[in-house]
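Engineer: Here you go, sequence then predicted model.
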Amino acid sequence: MTDVDVVVVGAGPAGSIAARVLGEQRKSVLLLDRATFPRWKVCGACLSPGAVSQLGSMGLGGLPEQLGGVPLTRLTLRAPAGIARVSLRGSVALSRAALDRALVQAAEDVGVTFWPAARAEMPRVDRDRSVVSVVRDGIRTAVSARVVIDATGLGRGLAESPGSTTRPISGARVGLGCDMPAAGYPVPVGELHMAMGRGGYAGL
């Protein structure tokens, strides 16, 4: 059985940053994610001024520029009722694939152990510790930890049965994303455009 202070399930920004903070406090931390990295996400990939400031407070303020982040200057909202334009000073557009991998690396740099392609199951409590069952490369490993952090984001997280299949309800909305070539891209560099309607929204 693997024995650590903390298991963090989910290596998105919340999980990776939590793991890094704990690693800096000299806790033994195991960070898990069911995906392999880098991974592409359907996401606007925008960092607010608060998020940029938070990275700076952790000594990671240079990440957005190092990873090719694009400073955002304006948001244009389009809806049937009209158009609104909002200043976005201090915000940055940045690939989640690049950001998530860099944050995992930042956690590893302070001693955190990262297991990608690892699926964790709801922990059981054994006296004063939790035991998480982790399946990786077809091998099941029991991991004992004093604290388990569920940073899996949307959905039921660790409470979800590993054998269950998610089925969308009738009329449910879905998220679609794509990368487009820079040549002929319909939005000026540094601007974020959102078109909104009854059926949902599209962002560029």
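Structural biologist: It's in.

Engineer: When you work out contacts or count neighbours from here on, use the C-alpha atoms and nothing else.
Structural biologist: Noted.

Engineer: nearest spatial neighbour of V143, skipping sequence neighbours?
Structural biologist: Closest residue to V143 apart from its sequence neighbours, by Cα to Cα, 6 or more residues apart in numbering: T2 at 4.7 Å.

Engineer: ok, now G62?
Structural biologist: Residue nearest to G62 in three dimensions, not counting chain neighbours: G56, with 7.4 Å by Cα to Cα, 6+ apart.

Engineer: L55 reaches G61, doesn't it?
Structural biologist: Yes - counting by Cα atoms under 8 Å, L55 touches G61, with 5.0 Å between them.

Engineer: Let me see the ranges of the helices in the protein.
Structural biologist: Secondary structure of the chain by DSSP state H: the helices cover 13-24, 49-57, 63-66, 96-108.

Engineer: Could you list every helix and strand that the longest one packs against?
Structural biologist: Using 3 or more Cα pairs under 8 Å, 6 or more residues apart in numbering; DSSP states H and E as the contact criterion, the secondary-structure elements in contact with helix 96-108 are helix 13-24, helix 63-66.

Engineer: That helix to helix 49-57, inter-axis angle?
Structural biologist: Using axes from the mean of the first three to the mean of the last three Cα atoms, to 10 degrees, the inter-axis angle of helix 96-108 relative to helix 49-57 is 30 degrees.

Engineer: Return the distance of helix 96-108 from the chain's centre.
Structural biologist: Computed by Cα atoms, centre = their mean, to the nearest Å, the chain-centroid distance of helix 96-108 equals 9 Å.

Engineer: same check, this time on the first one
Structural biologist: Using Cα atoms, centre = their mean, we find the averaged C-alpha position of helix 13-24 to lie 12 Å away from the chain's own average C-alpha position.

Engineer: which regions of this protein lie under the pLDDT threshold?
Structural biologist: Per-residue confidence for the chain (pLDDT under 70) gives these ranges: 44, 155-156, 159-166.

Engineer: what are the ranges of the strands in it?
Structural biologist: Secondary structure of the chain by DSSP state E: the strands cover 2-9, 29-32, 46-47, 70-79, 82-93, 113-115, 118-120, 124-126, 129-136, 139-150, 191-197, 200-203.

Engineer: Which stretch among these is buried most, on average?
Structural biologist: Among those, ranked by average contacts under mean count of other Cα atoms under 10 Å, first place goes to strand 29-32 (a mean of 26).
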